[in-house]
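Participant: let's see this in three dimensions:
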Amino acid sequence: MGVIEEVRDAMARREFVPFFQPQYDVMNNKMWSVEILARWIESDGNVIMPGYFIPELEMSNDILKLDWYMIEEACLFLSKLDNYNIPKIPISINLSGKHVYEVNTCSRLCEIVDSYHIPHKLIILEVAENTFLDNPDVIKVMLDEFKSAGFRIAIDDFGNGSQSMEYLASLNFDVLKIDRTMFNRDVNDVDFQKEMKGIFDYADKKHVSSVAQGIETQDMLNYLKTAGCRIIQGYIYDKPMPESVFIEKFKDHLLDIEVEDILLTEAPQMAADLLVSAVFSKYKSVTYLNLSKNSYYVTQYDDFGSGVRPVVYSLAERLANSVESIHPDDRELYMKTFSIEGQMEAFKRGEELVELTLRQEGGDGIYRLVKISNIFVKSPAVEDVLAISLYDVIRELEPDELPVPEPKPEKIRRDIVAASKGDIVIIDQDDVK
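Facilitator: This is a model prediction of the structure:
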């Protein structure tokens, strides 16, 4: 009997048992997620490792049967955690690239996960890097469909295949799992450290979590803590364990499990929304400036929410129109600081921002102390000098805090009227009773 026939018989006898290996956050040593792994346990207790049967299954469509079996087991596992006072945690599930040949893969996945009332964001679908060697465009479409449905995507065994970072940049994924073979080297090797730094910097730039797999030594763990890799999976923390051992280890030990971190599990748009809310809780408006193009637009919170593209205006005209609202004693400094020329000079000097606290009169006639901070920013899309202007109202000014204005000279209105015989008479209106 061949391996595939043996596996088919074993699946029919339900000899495939899920094991679970935690992944830990090195910042706090708490469990960040868990990976579900298939173990073939024969009736006599003999454990057959995946290296024996997975390659054979990948050569046929039988790997799909195992995938769906493990997906069901993963959802069943998460649904049980409440019974043991264990928070639901993200779970990683290996997914073969052969699912692109199935019909309605994503809808079937949603149906299974929803039947257990599991939030989609807790499911991390792992796709091996070498999967993209065949039909990369089709697989990309499948992963995008999973992402649109709220599932998270992990690129597994990175460094074991031939895909470049340039290709990965075209993919929409959440987790980069670095293959264990990448860490079978001396931690003090300069080339190794440069290579790791490049990978971790790439993950940070793409805003994805990097996971180091197969970590077994304290020296490597210590290095990774300082190198920028936050998530660790390996024997240094835990070996894969059956469900019963996992539950016994973590039940009633909530301090060992990292409660869901919204900044890690939610989509980037959610993090952006949190940032926007924080900014507008402090600042009444945000102005975007393009100093190179003499343009700006003002955004308030409602504009962010609606997604309506703001109208762009002339920055120089705005400055000229706003100066009348500035207290006369502050106008010269205001114009000098926030003129396009003044800001460009500050930018060339290497300053990160220009800011000024001054007195400004509102439409209600009340003077307020305000702080304007223009922060220089860089867009990878253009070479223009850009800035974001934050406007903060500090407080209303009391009357005794304002200088007493000098009395203005009285104006006399004079009218020119025609008199008889062609004479011209000038009449002061004050003389007219």
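Participant: do me a favour and get the end-to-end distance for stretch 234-250?
Facilitator: The first and final residues of stretch 234-250 sit 17 Å from each other (C-alpha to C-alpha, to the nearest Å).
Participant: quick check: Ile89 touching Ile36?
Facilitator: No. In this structure Ile89 lies outside contact range of Ile36 using C-beta atoms under 8 Å: 11.5 Å. The C-beta positions use only the backbone N, C-alpha and C, and glycine is treated the same way.
Participant: so for the helix or strand containing Trp40, what gets flagged as buried?
Facilitator: Trp40 belongs to strand 30-41 when elements are defined using DSSP states H and E. Residues 30-38, 40-41 are the ones in strand 30-41 that count as buried (16 or more other C-beta atoms under 10 Å).
Participant: and those, which two are furthest apart?
Facilitator: Looking at those by C-beta to C-beta, the two members farthest from one another are Lys30 and Trp40, with 31.0 Å of separation.
Participant: so, low pLDDT: which residues of the protein?
Facilitator: Along the chain, the model assigns pLDDT under 70 to residues 1, 160-166, 252-274, 284, 300-312, 380-381, 403-433.
Participant: what's the next secondary structure element after the lengthiest helix in it?
Facilitator: Taking residue count as the measure and DSSP state H as the definition, the longest helix of the chain comes out as helix 62-80. Sequence-wise, the next helix or strand downstream of helix 62-80 (DSSP H and E) is strand 91-94.
Participant: next one: that next one to chain centre, how far?
Facilitator: Computed by C-alpha atoms, centre = their mean, to the nearest Å, the separation of strand 91-94 from the middle of its chain amounts to 21 Å.
Participant: who does it pair up with?
Facilitator: Here strand 91-94 has these sheet partners by DSSP bridges: strand 30-41 (parallel), strand 123-128 (parallel).
Participant: Pro119 - how many residues pack around it?
Facilitator: 14 (other C-beta atoms under 10 Å).
Participant: check Ala316 too.
Facilitator: Taking other C-beta under 10 Å as the neighbour definition, Ala316 ends up with a count of 14.
Participant: picking up where we left off before, from the chain's centroid, how far away is whichever helix or strand comes after the strand holding Trp40?
Facilitator: The first helix or strand that comes after strand 30-41 along the chain, using DSSP H and E, is strand 47-48. In terms of C-alpha atoms, centre = their mean, the centre of strand 47-48 is set 40 Å apart from its chain centre.
Participant: can you tell me what sits against the helix or strand hosting Asp219?
Facilitator: For Asp219, the enclosing helix or strand under DSSP H and E is helix 218-227. Outside of helix 218-227, the residues within contact range by C-beta atoms under 8 Å, 6 or more residues apart in numbering are 26, 183, 187, 193, 196-197, 200, 212, 215, 232, 236.
Participant: export the residues you listed to TSV and tack on neighbour count?
Facilitator: Shown next, in TSV, are the contacts of helix 218-227 (neighbours: other C-beta atoms under 10 Å):
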residue	neighbour count
Val26	19
Phe183	22
Val187	16
Gln193	15
Met196	24
Lys197	12
Phe200	19
Ala212	29
Ile215	23
Ile232	23
Ile236	16
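Participant: closest one of these to Phe146?
Facilitator: Nearest to Phe146 among those, counting by C-beta to C-beta, is Ala212 at 24.0 Å.
Participant: wasn't the closest one part of a strand?
Facilitator: Yes. With DSSP: H, G, I helix; E, B strand; the rest coil as the criterion, Ala212 is located in a strand.
Participant: wait, it sits on Arg230?
Facilitator: No. Ala212 lies out of contact with Arg230 (C-beta under 8 Å); the separation is 9.2 Å.
Participant: save the strands paired with strand 91-94 as TSV, and put in distance to Asp392 too.
Facilitator: Supplementary listing: the strands paired with strand 91-94 in TSV, determined by distance: least, C-beta to C-beta, whole Å:
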stretch	distance to Asp392
strand 30-41	37
strand 123-128	41
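Participant: with respect to Gln360, which of those lies nearest?
Facilitator: Between Gln360 and the strands paired with strand 91-94, the shortest separation by C-beta to C-beta is 48.4 Å, and it involves strand 30-41.
Participant: starting at the chain centroid, how far to that closest one?
Facilitator: 26 Å.
Participant: repeat that for stretch 233-243.
Facilitator: The chain centroid and the centroid of stretch 233-243 are separated by 29 Å, computed with C-alpha atoms, centre = their mean.
Participant: ok, and what's touching stretch 37-53?
Facilitator: In contact with stretch 37-53 (C-beta under 8 Å, 6+ apart) are residues 3, 6-7, 10, 13, 15-21, 54, 66, 70, 94, 240.
Participant: which of those residues fall within helices?
Facilitator: In this view, those that belong to helices under DSSP H are 3, 6-7, 10, 54, 66, 70.
Participant: who wins on neighbours among those?
Facilitator: Across those, the neighbour count under other C-beta under 10 Å reaches its highest value at Val7, namely 24 neighbours.
Participant: separation between that one and Phe146?
Facilitator: Distance of Val7 to Phe146, given as C-beta to C-beta, to the nearest Å: 26 Å.
Participant: and Ile232, that one's in a strand?
Facilitator: Yes. Assessed by three-state DSSP, Ile232 belongs to a strand.
Participant: what is it paired to in the beta sheet?
Facilitator: Tyr24, Ala212.
Participant: quick one: residues contacting Ile340.
Facilitator: Taking C-beta under 8 Å, 6+ apart as the test, what Ile340 contacts is 291, 294, 315-316, 319.
Participant: now do it against Ala10, distance only.
Facilitator: Applying C-beta to C-beta, the value for Ile340 to Ala10 is 74 Å.
Participant: same deal with Pro87?
Facilitator: Computed with C-beta to C-beta, the distance linking Pro87 and Ala10 is 33 Å.
Participant: on that earlier part again, so which of the strands paired with strand 91-94 gets nearest Leu353?
Facilitator: Nearest to Leu353, of all the strands paired with strand 91-94, is strand 30-41, at 36.0 Å by C-beta to C-beta.
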